[in-house]
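Q: sequence unknown, structure follows:
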């Protein structure tokens with residue numbers, strides 16, 4: 001006779017239907033190059049007379065979408081008004097596309113990956 005399971009039966013934490021604990025497979029993180037345009041907002045730290053800025057960022061993520069979400073979240077916490085994000089791909093994608101990437105840039109990318117963080121590598125202030 002078969003085993004009946006009620007919809008009210010709840011699996012025990014860490015249990016698997018076959019009796020084995022499930023293990024989440026860890027996906028590798030990549031570093032993505034993002035250009036973030038920001039507008040003005042009170043407390044954003046941009047200089048007087050600035051109308052906004054472009055921030056070159058290196059962000060760690062399992063994919064570019066995650067890197068963008070994390071970057072926007074970090075910049076919002078820093079009171080930045082994010083207007084637009086342009087992705088330029090991972091280090092591997094940029095190399096395949098023939099981009100020249102300096103040792104300094106690679107070091108910042110490595111830092112972002114090692115720390116699972118967002119590194120703002122360059123800020124260009126816009127003035128009207």
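A: Ah, there it is. In this text, all values refer to a predicted model and were calculated from it rather than measured experimentally.
Q: got a list of what residue 29 touches?
A: Residues in contact with residue 29 (C-beta atoms under 8 Å, 6 or more residues apart in numbering) are 60, 61, 62, 113, 116. For glycine as for every other residue, the C-beta is placed from the backbone atoms N, C-alpha and C.
Q: Need the mean per-residue confidence for the longest strand along the chain.
A: When the chain is parsed with DSSP state E, its longest strand is strand 50-61. Per-residue pLDDT over strand 50-61 has a mean of 96.
Q: From the contact counts, what lies against the host helix or strand of residue 83?
A: When elements are assigned from DSSP states H and E, residue 83 belongs to strand 81-90. Where contact means 3 or more C-beta pairs under 8 Å, 6 or more residues apart in numbering; DSSP states H and E, strand 81-90 is packed against strand 30-39, helix 64-77.
Q: thinking again about what came up before, elements contacting the longest strand of the chain?
A: strand 30-39, helix 64-77, helix 103-115, strand 118-127.
Q: mind checking which of the ones you listed is nearest residue 88?
A: Residue 88 lies closest to strand 30-39 among the helices and strands packed on strand 50-61, at 4.1 Å (C-beta to C-beta).
Q: What residues of that closest one count as buried?
A: Residues of strand 30-39 classed as buried by neighbour count (16 or more other C-beta atoms under 10 Å): 30, 31, 32, 33, 34, 36, 37, 38, 39.
Q: any idea which of the residues you listed is the one closest to residue 84?
A: The closest of these, once distances to residue 84 are taken by C-beta to C-beta, is residue 37, at 4.5 Å.
Q: how about the helices and strands packed on strand 81-90 in TSV, adding distance to residue 107 and mean pLDDT?
A: Below are the helices and strands packed on strand 81-90 laid out as TSV (distance: least, C-beta to C-beta, whole Å; pLDDT from 0 to 100):
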stretch	distance to residue 107	mean pLDDT
strand 30-39	11	96
helix 64-77	18	96
